[in-house]
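1. Requesting a structural model of the entry that follows:
(2 chains)
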Amino acid sequence: MVKLDEIQKRILLEVADLHKIPEGAYNIRSDGKSVARASSANIDIIPRESGDGLEIRIKPGTKNESVHIPVVMTESGLKEVVYNDFYIGKDSDVVIVAGCGIDNCGAGDSQHDGIHRFFVEENAKIKYVEKHYGSGNGSGKRILNPVTEVYMKKNSSVIMEMVQIKGVDDTNRVTLAEMDADSRLVVKERLMTHDSQNAVSKYDIRINGSGASADLVSRSVARDNSFQKFDAKIEGNAACYGHTECDSIIMDNGRILAVPALEANNIDASLVHEAAIGKIAGDQIIKLMTLGLTEKEAEEQIINGFLK
Amino acid sequence: MLRVENLKFTVDTDTGTKNIIDNISFEIPDNKLVVITGPNGGGKSTLARLIAGIEKPTEGKIFFNNEDITDLSITERSKAGIGFAFQQPVKFKGIQVFDLIKLATGRQISVADACNYLSSVGLCARDYINREVNSSLSGGELKRIEIATVLAKKASLSIFDEPEAGIDLWSFKNLIDVFRNIRKNIENSSILIISHQERILDIADEIMIIKDGRLISKGSKTDILPDLLSTSSVVRSCIKAEGEEC
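-> As a prediction, this is how the structure comes out:
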């Protein structure tokens, strides 16, 4: 059994809610290599020969099992690109917890680019949770550039929760989905940037089969001098429903560019987008102050609730 | 006890200045329920907001329990024991009903505790406790949750700005019970309600009439109410209660 140091443990807790080595199938990658791995009866985790990623195969009919594949980086200056392919068997129902935490106390930039591809077979369901976190007081940046590709077969369901709340200096996130008939995709993105951070989140969701639906909801907060770009496109190529919503709070000198886009290529495609950016409403702060909170406490409660 | 002395609130207009509150003085002793009424636009809500600290007076003083609170912030007044229920309840994205009630109590509470406050305002607690305080709730539901937050605060002076507005399917009797329970359950507590509603005026110990920023009449219910009902248009402009002619 691998022994994790305190920093690694703290980061694992942040990105995967793990206090210890998880049960079931898992792979823990630390500073460029796998330090712990286990498959289960129904879930095989197979390392790529090149050492730069995994193939995760979930047998058809696997229910109520989970896969944890957290990544921890504590070595300043390390840069890596990791490819993980997930094959989700028919009729399965699983939770996949990914996530990456970088603790950079040095001068070199640390960067993890995770390329995740999900091949979701008919009637399969997954919940995918991905948290990103950065810490450390070095001058080197903490950079995460995730690419997520989702290929959904008929009547499959994917719920994705993407969370990045603190400490990541630079992010360029790309999410692509191809959806067959009656499939259902729900994406919930929560993002907060601070200091001089930069975060770009780009979505390209193609609804190709009739009866399919996609719901993409992003809530974000840009504080200090940070910048965010939310660039979300939903393409309706069949009788389908698509909804994208970007709801953002700006604080201090934070800046946000929201670019929602809809493309309907079928007369029965129904697509909706909503985007709202603004500072915290003054009456929200006043209400919480009448309950006894200070202005700063009220702001924190409002942000915490907004990103919950 | 609340004491307001020579309170003035002036705003700039295109043609000069306007006194929204014009030299008002009064006292609300402990254990009293006082209702402020008067025509719309007369300054009632502004007066309530001045007491809660949401607006700052141009002139005058406000004392609460013999402490000068004129320069205290909203937070400090809240901590001193003043609660305020907004006429238009504030909506929050993500904050749940339970969160808001917990914040109002200022301590860690159980879900059962929070449910008691919701039940007091006629909401089936189980259906609401985890709901977000957002636009998915009706105006009436938001209003009742707003009142529940003030109940949870257990303030020694609770101010309600038109609590009856938007109380859709909930009967007035229940709303009046809420005020009675505050008096029963919070020792030495006072209640200040801004209302046009005859049934709320009817439970007042004292009634104040404010018009054009001035306190034009103040006295016990028995002195003020008969005259008000027979001569004034104030009550006639009230918001109708269920099935009731105003």
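2. Low-confidence ranges, the chain, go.
-> The chain I'm using is chain A. Under the criterion of pLDDT under 70, the regions of chain A flagged as low confidence span A:1-3, A:19-20.
3. my question was about chain B
-> Ranges of chain B meeting pLDDT under 70: B:168-170, B:231-246.
4. could you pull out the strands for it?
-> B:2-13, B:16-28, B:33-37, B:59-64, B:67-68, B:82-85, B:157-161, B:190-194, B:206-211, B:214-220 (DSSP state E).
5. Now do stretch A:184-200: distance to the chain's middle.
-> In terms of CA atoms, centre = their mean, to the nearest Å, the centre of stretch A:184-200 is found 8 Å from the chain centre.
6. near chain B, which residues of chain A show up?
-> A:219, A:247, A:281, A:283-284, A:286-295, A:301-302, A:304-308 (CB under 8 Å from any CB of the partner chain). Where you see a C-beta, it was placed from the backbone N, CA and C, and this is true even at glycine.
7. Quick one, which of these are buried?
-> Burial by neighbour count, 16 or more other CB atoms under 10 Å in any protein chain shown: within the residues of chain A next to chain B this picks out A:219, A:247, A:284, A:286-294, A:301-302, A:305-307.
8. From residue A:294, how far out is the residue in the stretch 101-250 of chain A that chain B sits nearest to?
-> Per CB to the nearest CB, residue A:247 is where the stretch 101-250 of chain A lies closest to chain B, at 6.8 Å. Distance, residue A:247 to residue A:294, using CB to CB, to the nearest Å: 25 Å.
9. picking that back up, select from the residues of chain A next to chain B every entry located in helices.
-> In helices, judged by DSSP state H, the following of the residues of chain A next to chain B are found: A:283-284, A:286-290, A:295, A:301-302, A:304-306.
10. In JSON lines, list those along with distance to residue A:71.
-> As requested, these are exported to JSON lines (distance: CB to CB, whole Å):
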{"residue": "A:283", "distance to residue A:71": "42"}
{"residue": "A:284", "distance to residue A:71": "37"}
{"residue": "A:286", "distance to residue A:71": "43"}
{"residue": "A:287", "distance to residue A:71": "41"}
{"residue": "A:288", "distance to residue A:71": "37"}
{"residue": "A:289", "distance to residue A:71": "41"}
{"residue": "A:290", "distance to residue A:71": "45"}
{"residue": "A:295", "distance to residue A:71": "38"}
{"residue": "A:301", "distance to residue A:71": "32"}
{"residue": "A:302", "distance to residue A:71": "32"}
{"residue": "A:304", "distance to residue A:71": "26"}
{"residue": "A:305", "distance to residue A:71": "29"}
{"residue": "A:306", "distance to residue A:71": "27"}
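11. Most widely separated two among these?
-> Using CB to CB, the two most remote members of those are A:290 and A:306, lying 19.6 Å apart.
12. mind checking the SS state of residue A:243?
-> strand (DSSP: H, G, I helix; E, B strand; the rest coil).
13. quick one: contacts for it?
-> A:213, A:214, A:215, A:216, A:217, A:234, A:271, A:272, A:273, A:274 (CB atoms under 8 Å, 6 or more residues apart in numbering or on different chains).
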